[in-house]
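**Q** Show me how the following folds:
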Amino acid sequence: MLKSFSLSLALVIPIIAAAQSPVRRDSVAPGLFHSRYQTSVPHVVNVLSFDRSQNRYLLEAYRPNGLVKTSLQVLENERAGVNVVAAINADFFIFQTGRPVGNQVRNGMFVSGIKSSRSHLGIEGDSRPFIEILSFAGTVAWPGTIITIDRVNHVRGAGMNVLYNLYWGNELKPDSLGIKVKVRLIDAWRVADTLRAVVVNDGRNAWRMEDSSRAVFVFERIALKGNLPEEGDTVKLLLGFEGDRRSYSQVLGGGGRILGNGKIVREGVGEQEGIREKFFADRHPRTFVGFDRDTTSIFLCTVDGRQESSVGMTFREMGEFLLEIEAWNALNLDGGGSSTMVIDGAVVNAPSDATGERPAANSLQLISKKVIDHSSEQGHEN
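**A** Numbers count the residues shown, from 1 in each chain. Modelled structure (predicted):
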């Protein structure tokens, strides 16, 4: 873990229009700043900002096994040898399954693939961010056959073909209508690129993915029409998103775009992304991420809520705040009791649950680039 620099600055800089007190701006690490805003509503907002053009940090979409507090997700990743500087909680999740609602990619490998109408944060290469509506699309092919992959790491429904990898985290249950095909990846996992895999047979019915190169297809039996690939055959796999050919290294789901090209996005967002209108108008604790017009400055943000010192924000209030700090595009992440910001291993905001920090399904982590090498990291198990 990167320790905070002793030269921690308390710089008084111009106050945003809604602010009652000065902004405190502390240097966390070279080129990385933590700002704290106190506005008159009242709002307490924490902002972590960095300039990605300085090439010091990476953003990573971390996924633990199940629901884990954001601060503990940081520790998990650090135990794998990754230098995590800071993190915020990320996607909405399903309590019963502990799985994120949207799509997720971590270091080129799909954690979750699902049809979706929600906006996602996508990172191309090291750190260039995009906000797009991303809906999973995939195929697998071998001579004479091409099969649509409907999901990654989700329960298989009737008529579906599903891919399971290391991030499924469970043994695959018997499926009388499905047929399993086990493969070993020849190529490293990548989004929107054709990958080769070899069919293998280890003689086990229940199969845990023991490393990142292993995967299992569960096909609807009738879809194969008897044309089943045999052991040793090479299949070609393509995983990505409908209408989007970017090779994202990281993807995280969100719930509602806040800013689009310098304007507050409001009309039709709820209907398009399947979110109740009340969610936009009510004040809640929030976690959100934004970036400036040329995608150079990136902002990771939380606003506390449901407490006297900070009442939470509506979508419009988030948008107005983000415009004041010169964000151009921004996305809402999971909020409420989940809203958490961790810097240097410590939670720096005030989570709203009486029990404190709430476990979450994934996190957006800021990684010190000098010690990370994603090309050799894919074999890590959570």
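**Q** Can you tell me the closest non-neighbouring residue to Arg106?
**A** Counting by Cβ to Cβ, 6 or more residues apart in numbering, the nearest residue to Arg106 once its immediate chain neighbours are dropped is Ala61, at 4.8 Å. Using the backbone N, CA and C atoms, a C-beta is placed for each residue, glycine as well.
**Q** The helix or strand harbouring the one you found: which residues count as buried?
**A** Element membership of Ala61 [criterion: DSSP states H and E] is strand 57-62. For strand 57-62, the buried set under the neighbour-count rule, 16 or more other Cβ atoms under 10 Å, comprises 57-62.
**Q** who touches it?
**A** 31-32, 50, 73, 76-77, 82, 85, 87, 90, 104-107, 111, 123, 126-127, 129, 250-252, 298, 362-369, 372, 374 (Cβ atoms under 8 Å, 6 or more residues apart in numbering).
**Q** Paired strands for it, with orientation please.
**A** Neighbouring strands of strand 57-62 in its sheet, by DSSP bridges, are strand 363-368 (antiparallel).
**Q** could you pull out the helices for the chain?
**A** Ranges of helices in the chain, per DSSP state H, are 70-79, 221-224, 269-273, 277-281, 315-324.
**Q** Show me the shaky parts of the stretch 201-350 of the chain.
**A** 202-210, 267 (pLDDT under 70).
**Q** Strands of that one, start to end?
**A** Here the stretch 201-350 of the chain has its strands, by DSSP state E, counting those that start in this stretch, at 214-220, 234-241, 248-253, 257-260, 263-264, 286-291, 297-303, 329-332, 341-343, 346-347.
**Q** Ala192: which of the ones you listed is closest?
**A** With Cβ to Cβ as the criterion, Ala192 lies closest to strand 234-241 of these, at 3.8 Å.
**Q** Put the alpha carbons of the closest one into PDB.
**A** The C-alpha coordinates for strand 234-241 follow below in PDB (Å, rounded to 0.1, in the frame of the first residue of the first chain):
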ATOM      1  CA  THR A 234      -9.800 -25.700 -31.200                       C
ATOM      2  CA  VAL A 235     -12.800 -23.400 -30.800                       C
ATOM      3  CA  LYS A 236     -12.800 -19.600 -31.400                       C
ATOM      4  CA  LEU A 237     -14.300 -17.400 -28.900                       C
ATOM      5  CA  LEU A 238     -15.400 -13.700 -29.200                       C
ATOM      6  CA  LEU A 239     -16.700 -11.800 -26.200                       C
ATOM      7  CA  GLY A 240     -17.700  -8.100 -26.300                       C
ATOM      8  CA  PHE A 241     -20.600  -5.700 -26.400                       C
END
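**Q** That one packs against which elements?
**A** Strand 234-241 is packed against strand 136-142, strand 178-185, strand 194-200, with contacts defined by 3 or more Cβ pairs under 8 Å, 6 or more residues apart in numbering; DSSP states H and E.
**Q** related to what we said a few turns ago, turn the strands of the stretch 201-350 of the chain into a markdown table, columns for mean neighbour count and distance to Glu320.
**A** Shown next, in a markdown table, are those (neighbours: other Cβ atoms under 10 Å; distance: least, Cβ to Cβ, whole Å):
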| stretch | mean neighbour count | distance to Glu320 |
| --- | --- | --- |
| strand 214-220 | 20 | 45 |
| strand 234-241 | 19 | 31 |
| strand 248-253 | 27 | 24 |
| strand 257-260 | 24 | 10 |
| strand 263-264 | 14 | 7 |
| strand 286-291 | 28 | 12 |
| strand 297-303 | 24 | 12 |
| strand 329-332 | 26 | 11 |
| strand 341-343 | 25 | 20 |
| strand 346-347 | 14 | 26 |
